[in-house]
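Q: what shape does this take:
(chains A, B and C)
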Amino acid sequence: MSFRAKVYDMVCQIPAGRVCGYGDVAALCGSPRAARQVGYALAALTPTDVAEGVAVDPQGRAVPWQRVLRTTGHIAFAGDPIRGPLQQRLLEAEGIVFEQERTDMKRFRWRPSVEDLEG
DNA sequence: TCCATGACTCCGC
DNA sequence: CGCGGAGCCATGG
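A: A predicted model of the protein is given here:
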């Protein structure tokens, strides 16, 4: 199984209303220092519904890419005029609160339990 | 196989 | 706290 496939699996397990850092996902996939590769994996998703922010992986399953943020709580590609605001809107719809362009990672960060990772 | 690329992160100022 | 620079490593050509 490729690193990217693991990334998609992990991101799909992040519950709505919670977020993860790129580094967190990388660590859960077995490569603690591959945070950039996590971003690269998400960038490789195929957009199917741009307006709603829906993007699918090679297996055709929708991946909640919006739940992955920088450890600072900032949206990674805030500079993107389309996906930047979209990501924030999608997260706010799930209950995530933003202040000054960033969210409180201490409050919304998701830490998977052993049971979550089984399977 | 080597090299460039990049939705990141850590560290020193 | 913000900035700039170096390190990181999976992917693709």
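Q: C-alpha from now on. contacts and neighbour counts both.
A: Noted.
Q: enumerate the residues of chain A near DNA strand B.
A: A:21-23, A:35-45, A:65-66, A:69-72, A:76-77 (CA under 7 Å from any atom of the strand).
Q: again, only this time at 6 Å
A: A:21-23, A:35-37, A:39-40, A:42-43, A:65-66, A:70-71, A:76-77 (CA under 6 Å from any atom of the strand).
Q: the residues you listed: which two are farthest apart?
A: Across those, no pair lies farther apart than A:Ala43 and A:Thr71, at 18.0 Å, counting by CA to CA.
Q: buried ones among the residues of chain A next to DNA strand B?
A: A:21-23, A:35, A:37, A:39, A:42, A:65-66, A:70-71, A:76 (16 or more other CA atoms under 10 Å).
Q: average pLDDT for stretch A:7-17?
A: The average of the pLDDT scores along stretch A:7-17 is 97.
Q: where's the dip in pLDDT among the residues of chain A next to DNA strand B?
A: A:Phe77 (86).
Q: which parts of stretch A:77-88 are buried?
A: Buried, per 16+ other CA under 10 Å, within stretch A:77-88: A:83, A:86-88.
Q: got it, and stretch A:55-64?
A: A:55-57, A:62-64.
Q: just the residues you listed: which are in strands?
A: Secondary structure from DSSP state E places A:55-56 of those in strands.
Q: on that earlier part again, in helices, which of the residues of chain A next to DNA strand B fall?
A: In helices, defined here by DSSP state H, the members of those are A:22-23, A:35-37, A:39-40, A:42-43.
Q: hey, where'd the strands end up in chain A?
A: A:20-21, A:46-49, A:54-56, A:68-69, A:98-99, A:102-103.
Q: leaving out chain neighbours, which residue sits closest to the residue nearest the centre of chain A?
A: Central residue of chain A (CA atoms, centre = their mean): A:Val68, 2.4 Å from the mean position. Spatially, and ignoring its direct neighbours in sequence, A:Val68 is nearest to A:Cys20 (4.9 Å; CA to CA, 6 or more residues apart in numbering).
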